[in-house]
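[1] just coords:
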């Protein structure tokens, strides 16, 4: 299977807490209400997508819906590298995962994953 090569620049993210809030507000349903990080990862693999980013307005709509394990899987798949160190960090109200990566060539770098949305920064 060839390496994923597509980038989804308008990926819809609807974490469970956001679904609850939208339902309370009387918003309708739709396919994004079945969203999970695992479904996203499966869909990305099936479609040959190596990276996905939600529309800018969706980045901070929920809180802490992506686990460290899910963030590690997402980043390892996106960068074709191994996470060698992981830490949870806070910046004000924002929680994110700082993940240090190592690739086959020996390159080491750090990325941050927003715990609320799964957005890789």
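    That came through fine. Here the structure is a predicted model, which means the values were calculated and not measured.
[2] Which stretches in this protein count as helices?
    In chain order, the chain shows helices spanning 16-24, 37-47, 68-79, with DSSP state H as the criterion.
[3] For residue 6, which of the ones you listed is the nearest?
    Each of the helices of the chain was scored for nearness to residue 6 using C-beta to C-beta, and the closest is helix 37-47 (6.5 Å). (Each C-beta comes from the backbone N, C-alpha and C, glycine too.)
[4] Which elements pack onto the closest one?
    Applying 3 or more C-beta pairs under 8 Å, 6 or more residues apart in numbering; DSSP states H and E, one finds that helix 37-47 contacts strand 6-8, strand 49-52, helix 68-79.
[5] can we see that at 7 Å?
    Packing contacts for helix 37-47, counted by 3 or more C-beta pairs under 7 Å, 6 or more residues apart in numbering; DSSP states H and E, involve helix 68-79.
[6] quick check: angle from the helix it packs on to helix 37-47?
    Comparing the axes of helix 68-79 and helix 37-47 via axes from the mean of the first three to the mean of the last three C-alpha atoms, to 10 degrees yields an angle of 20 degrees.
[7] for helix 68-79, what is the average pLDDT?
    If you average the pLDDT over helix 68-79, you get 88.
[8] Pull out the buried residues from that helix.
    By 16 or more other C-beta atoms under 10 Å, the buried positions in helix 68-79 come out as 70-72, 74-75, 77-79.
[9] Now for residue 52: which residues touch it?
    With contacts defined as C-beta atoms under 7 Å, 6 or more residues apart in numbering, residue 52 is in contact with 8, 11, 40, 44.
[10] switch to 10 Å and redo it
    With contact set as C-beta atoms under 10 Å, 6 or more residues apart in numbering, residue 52 has these partners: 6-13, 40-41, 43-44, 74, 78, 118-120.
[11] Tell me, please, the helix or strand in the chain that averages the lowest pLDDT.
    Each helix and strand of the chain was given a mean pLDDT (mean pLDDT, DSSP states H and E); the minimum falls on helix 16-24 at a mean of 69.
[12] Who does the closest residue to residue 75 other than its chain neighbours form a beta bridge with?
    Spatially, and ignoring its direct neighbours in sequence, residue 75 is nearest to residue 99 (5.2 Å; C-beta to C-beta, 6 or more residues apart in numbering). On the basis of DSSP bridges, residue 99 is bridged to residue 86, residue 111.
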